[in-house]
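>>> Need a 3D model of the sequence below.
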Amino acid sequence: MGEVDFFDEGALVGVLTTQPLDRVLDYKAPAGGLWLGAFVEVPLGPRKVLGVVWGAGRGDWDPAKVRSVIRVLEVAPMRSEMRSFVERAAQYTLTSLPSMLRLATRAPGLSDPPSMRKVFRLGSGTPDRQTDARRRVMETLTEYGGLSFTLKELSEMAGVTSSVVKGLVKQGVVLEEDSPRDTAFLKMDPEHSGKELTKDQKAAAENIRERIQTGTYGTTLLRGVTGSGKTEVYLEAVAECLRKGRQALVLLPEIALTAEFLTRIQARFGAKPAEWHSGVTMTERRRIWKMVGQGGAQVVIGARSALFLPYQDLGLIVVDEEHDTSYKQDDGVLYNARDMAVLRASICGAQVILASATPSLESWANADAGKYHRIELTSRYGPAVMPEMTAIDMRVEELPSSNWISPSLQAAVNSRIAKGEQSLLFINRRGYAPVTICRACGHQVGCDHCDARMVEHRFQKRLLCHQCGESKPMPEACPSCHVEGKLAPVGPGVERLAEEAQAKFPDARLAVLSSDLFGSARALKEGIAAIADGGADVIIGTQLVAKGHNFPLLTLVGVIDADLGLQGSDLRAAERTFQLMRQVAGRAGRSERKGIAMMQTFQPEHPVIRAILAGDEEAFWKAEAAARRHAVVPPYGRMAGIILSSPDPQLAFDLGNALARNDQALRQVGAQVFGPAPAPIARVRGRHRVRLLVKADKTAQLQPALTKWLSQFPIKGDLRLAVDIDPQNFY
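Prediction:
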């Protein structure tokens, strides 16, 4: 007998709530019954909580005590493929089902009754006089075939003030009506306006179109050099998905990328897509969530959490810059959006495109093994060519100890300024200086709640902890010895580099691009747009500038410290340095003017630096893959991080030692346990952190073994335990 889809009034249903409980709860179906997957409001103690009908009730509770569902929400039921995705994602990441469900219901006001808003559409009246502004309003409404718009939407699309629209309302030319607030997005036209593609782009687009036409699951690694036009290729895939009547999701790693990208989407398809990220208003989040479930949003552009929206028929997921570490969620539910995109697509029969100029070794290995299809774009779009790569050997440069811009790089920047071109000075450190030290006693100013040094942010005149966010004013005296005037910055950050650049290029217009220097996503977008329009001669930036921005006048990239990422014991240090350097260098020469990338390094003979300069990416990946395979580490082995934390360090260590001693469940699948050991940053927000690392063969059934192992020790009191499957960092 198959699964029941509808439950009549009084039937016993199992409801999964968003509350931290370890089971599905039994309730009675309300009057009128409900569908499997229905979003409901149910009583839990004295409260009303959100839940989803997960199946038939278990019937193991006293029938007299079973309460009824309060009401069914007016939203589309959760589809079976979405429930399957939530369950399998929870199983893979060893996350509780309620926690995973919370990710899938992160829209405010889902239980609120529908509300209304004013919309405007074309009426039958004629204006008493015709003006250009009035004509644009009427043409806009006519072009969209009688559709309704909010006052803001209509004003923006027609390029007029709201008073022009209101004036036409008074004359009956435009009708003002009440409409439900949560309305469908404008239809997107796959035939609207595509760019002329190169021969390589056409071949790649046709290849992907054929795969989408199958209506089945598949993953494609779209690897193309920076500036090769990967975006235009995958937009053709989006167009094909729209032709088939299915929905498309494009994931971006950085909120600042969305402004330019939304403009490109609108130009290509004639309408704006749904936009899902932390910068979107609460009202718009609710609208998007509901419209995605009803099929009223065809394309979603979003951050990693957009994967958990309730799509009606998802046919394509694009993960742009798939190598980017921001796709890994490192607090709360620990998951990698790239991997979850592949899982979700495999369940709903969608295609995945992983796009990058410098793919992750995991994706490269899957393509190399034949699990993923692979498409290459080897040349830049149009007249642009790849930048020349050179190294500046800092061992022979004459540079004062408090300076970081070498004479060679300074001369190159001056040459660009004279030509009216832009230069980018890149350093992957926010703030003014990473360490503040007392010259009297040697004390390094640290966070009161973490084992991390506080970073000076001179523009804000504060010290900031980049682990917990704690900040305090820059002190006059040393917190340890109380001597005044002896605190000194050590090492450069982006703000200190800007100070030096101002001194060395006094007549240049400087712009600093760092995520913590902008109060809002809108301000960041506006800053990037101003730079792209030629509003700066020298850009000083962190890794934010490496993420897909296009600055037409930028012809020189200077990497201040190419060795920075090679320090430490992270198994991905070489890979990340290679990716970051190639991505940053790729910002140069993206239009007609040839670019150059200069890397300041004290290790020009280092294999990673040599690989970057040679441009032989395939050789680098093969060498890196061989080293990882030999060490049996990802992607040729499996890892899981166990993070224990407590206000009392001894409690965390006691549990860690107990886990390490009782590891039979792991040894049965050939897994090893390393630790416990203090985490590299051993205290965060007042909690002491202890780590264990589990390492296993690629074929090991790791999750069941971890579940059995960890279940021996129930977590009580102030102790916390988090499991990080496939950890991306080890702090």
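>>> all contacts plus neighbour counts: C-alpha atoms, from now on.
Fine.
>>> you'd agree A611 is up against K622?
No. Using CA atoms under 8 Å, A611 makes no contact with K622, being 11.5 Å away.
>>> ok, what's across the strand from the closest residue in space to I288 that isn't next to it in sequence?
Computed as CA to CA, 6 or more residues apart in numbering, the closest residue to I288 that is not its neighbour in sequence is A274, at 6.4 Å. With DSSP bridges as the criterion, A274 is bridged to V300.
>>> pLDDT score assigned to A274?
A274 is assigned 93 on the pLDDT scale.
>>> surely it meets V300?
Yes. Applying CA under 8 Å, one finds A274 in contact with V300, separated by 4.7 Å.
>>> Report pLDDT for R121.
Reading off the confidence values, R121 has pLDDT 86.
>>> got it, and R380?
61.
>>> name the helices or strands packed onto whichever strand or helix holds A665?
Element membership for A665 (DSSP states H and E) is helix 664-667. Applying 3 or more CA pairs under 8 Å, 6 or more residues apart in numbering; DSSP states H and E, we find helix 664-667 packed against helix 702-710.
>>> how far away is E484 from A503?
27 Å (CA to CA, to the nearest Å).
>>> Which residue is the nearest non-sequential neighbour of R429?
Nearest to R429 is G493, by CA to CA, 6+ apart, at 4.9 Å.
>>> who's in contact with that neighbour?
Neighbouring residues of G493 by CA atoms under 8 Å, 6 or more residues apart in numbering: I427, N428, R429, R430, G431, Y432, A433, P434.
>>> tally of neighbours for I681?
When neighbours are defined as other CA atoms under 10 Å, I681 has 16 of them.
>>> Confirm that it sits in a strand.
Yes. Applying DSSP: H, G, I helix; E, B strand; the rest coil, one finds I681 inside a strand.
>>> Surely it and C447 touch.
No. Judged on CA under 8 Å, I681 makes no contact with C447 at a distance of 11.2 Å.
>>> Can you show me the helices along the stretch 451-600 of the chain?
494-504, 521-532, 573-585 (DSSP state H, counting those that start in this stretch).
>>> Could you measure from the residue nearest to R429 over to D507?
Distance from G493 to D507, by CA to CA: 22 Å.
>>> for the most centrally placed residue in the chain, what are its contacts?
Nearest residue to the geometric centre of the chain (CA atoms, centre = their mean): P253, 3.6 Å. By CA under 8 Å, 6+ apart, the contact list for P253 reads A303, R304, D320, E321, D324, S326, Y327, K547.
>>> can you rerun that using 7 Å?
Contact partners of P253, counting by CA atoms under 7 Å, 6 or more residues apart in numbering, are A303, E321, D324, S326, Y327.
>>> confidence score at the nearest residue to the last one once chain neighbours are set aside?
Of all residues not flanking Y327 in the chain, A337 sits nearest, at 5.2 Å (CA to CA, 6+ apart). The per-residue pLDDT reported for A337 equals 96.
>>> I'd guessed A337 sits against R304; true?
Yes. Counting by CA atoms under 7 Å, R304 is a contact partner of A337 at 5.5 Å.
>>> Give me the subset of the contacts of G493 that lies in strands.
Among these, no residue falls in strands (DSSP state E).
>>> secondary structure class for the residue of the chain positioned farthest from its centre?
Centroid-distance maximum for the chain: D128 at 51.3 Å, with CA atoms, centre = their mean. With three-state DSSP as the basis, D128 sits in coil.
>>> what's near enough to touch it?
By CA under 7 Å, 6+ apart, D128 has no neighbours at all.
>>> Do me a favour and get the backbone dihedrals for it.
phi -70, psi -30 (degrees, to the nearest 10).
>>> Distance of R136 relative to L424?
From R136 over to L424 the distance is 41 Å, taken as CA to CA.
>>> Which one of those two is surrounded by more residues?
Per other CA under 10 Å, whichever of R136 and L424 has more neighbours is L424, with 27 against 17.
>>> circling back: could you count how many residues lie near the residue nearest to Y327?
A337: 25 neighbours (other CA under 10 Å).
>>> measure it to G125 for me?
52 Å.
>>> cool, R287 as well?
R287 is 32 Å from G125, by CA to CA.
>>> same thing with P506?
Where G125 is concerned, P506 sits at a distance of 61 Å (CA to CA).
>>> Same question for I725.
For I725, the distance to G125 - CA to CA - is 64 Å.
>>> Between those two, point out the one with more neighbours.
I725 (20 against 14).
>>> shouldn't that one be in contact with I642?
No. Using CA under 7 Å, I725 makes no contact with I642, being 8.8 Å away.
>>> picking up where we left off before, need phi/psi at the residue nearest to R429.
phi -120, psi -180.
>>> Tell me, what's the model's pLDDT at it?
On pLDDT, G493 comes in at 81.
>>> do the one 3 residues further on as well
Per-residue pLDDT puts R496 at 85.
>>> So it versus Y432, what's the distance?
Relative to Y432, R496 is positioned 5 Å away (CA to CA).
>>> neighbour count winner among these two?
Y432 (26 against 22).
>>> That one against Q460, yeah?
No. The pair Y432 / Q460 is not scored as a contact, 9.9 Å apart, by CA under 7 Å.
>>> Identify whichever of the helices of the stretch 451-600 of the chain lies nearest to S148.
helix 521-532 (26.6 Å; CA to CA).
>>> List the buried residues in that closest one.
Residues of helix 521-532 classed as buried: A521, L524, K525, G527, I528, A529, I531, A532 (neighbour count, 16 or more other CA atoms under 10 Å).
>>> same deal with stretch 234-250?
234-242, 246-250.
>>> Can you get me the start-to-end distance on that stretch?
With CA to CA as the measure, the first residue of stretch 234-250 is 9 Å from its last.
>>> tell me the mean pLDDT over that stretch?
Stretch 234-250 comes out with an average pLDDT of 96.
>>> Please save the CA atoms from the lowest-mean-pLDDT helix or strand in the chain in CSV.
One helix or strand of the chain scores below all others by mean pLDDT, DSSP states H and E: helix 521-532, with a mean of 74. Extracted C-alpha coordinates of helix 521-532, given in CSV (Å, rounded to 0.1, in the frame of the first residue of the first chain):
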residue,chain,number,x,y,z
ALA,A,521,24.7,45.7,1.2
ARG,A,522,23.3,48.7,-0.8
ALA,A,523,26.3,50.9,0.1
LEU,A,524,28.7,48.1,-0.9
LYS,A,525,27.0,47.7,-4.3
GLU,A,526,27.1,51.5,-4.9
GLY,A,527,30.8,51.6,-4.0
ILE,A,528,31.6,48.8,-6.5
ALA,A,529,29.5,50.5,-9.2
ALA,A,530,31.3,53.8,-8.7
ILE,A,531,34.7,52.1,-9.0
ALA,A,532,33.6,50.3,-12.2
